[in-house]
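> Here is my input, please return the structure:
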Amino acid sequence: MSARACELVADAILLAHFAYVAFVVVGFAIIWIGFACRWEFVRNIAFRLLHLVAMGFVLAEALFSVTCPLTVWENALRVRAGGGAYHESFMQHWLGHLMFHEWSKTAFVVLYAAVFVLIVATLIVVPPRRHSTPSPPSDK
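Purely as a prediction, here's the structure:
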């Protein structure tokens, strides 16, 4: 794979990583906004379980000191592309600055655990529902 192709794939992975984070953060906000606005889709059980599992995966990575596979793949591709300390793409620079901070590992574990607990609490306050199939109209 050429250096340029490695950079493009690394940028695509960064974008996927950003989308994952956005799903967790924006999804949480949408659940509460939807609850207030009575949007039925925020009670969709598949959406809610996927949201919980997504945050649970992040928390598990932090608790067990596992580096996210997306980060590992992106970094490997950037090294393979010959990226240096001052060589980064637009997406890497801007999206990376939005998503990554220089906080301690403990701070991230506490943050992720707090968000996970909030998501679990949201499952209780705004419980998901299984959609039942509507009953056919009666012939009277």
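> those helices in the protein, which residues are they?
Along the chain, counting by DSSP state H, helices occupy 3-37, 45-63, 69-80, 90-99, 105-125.
> Mind telling me which of these the model trusts least?
Between the helices of the chain, the one with the least mean pLDDT is helix 90-99; it has a mean of 60.
> Mind listing what's buried along stretch 16-24?
Going by neighbour count (16 or more other C-beta atoms under 10 Å), the buried part of stretch 16-24 is His17, Phe18, Tyr20, Phe23, Val24. In this view, the C-beta of every residue, glycine as well, is placed from N, C-alpha and C.
> For Val58, state which of those is nearest.
Taking C-beta to C-beta as the measure, Val58 lies nearest Val24 of these, at 7.1 Å.
> Surely that closest one and Val53 touch.
No: the criterion here is C-beta atoms under 8 Å, and Val24 misses it with Val53 at 10.3 Å.
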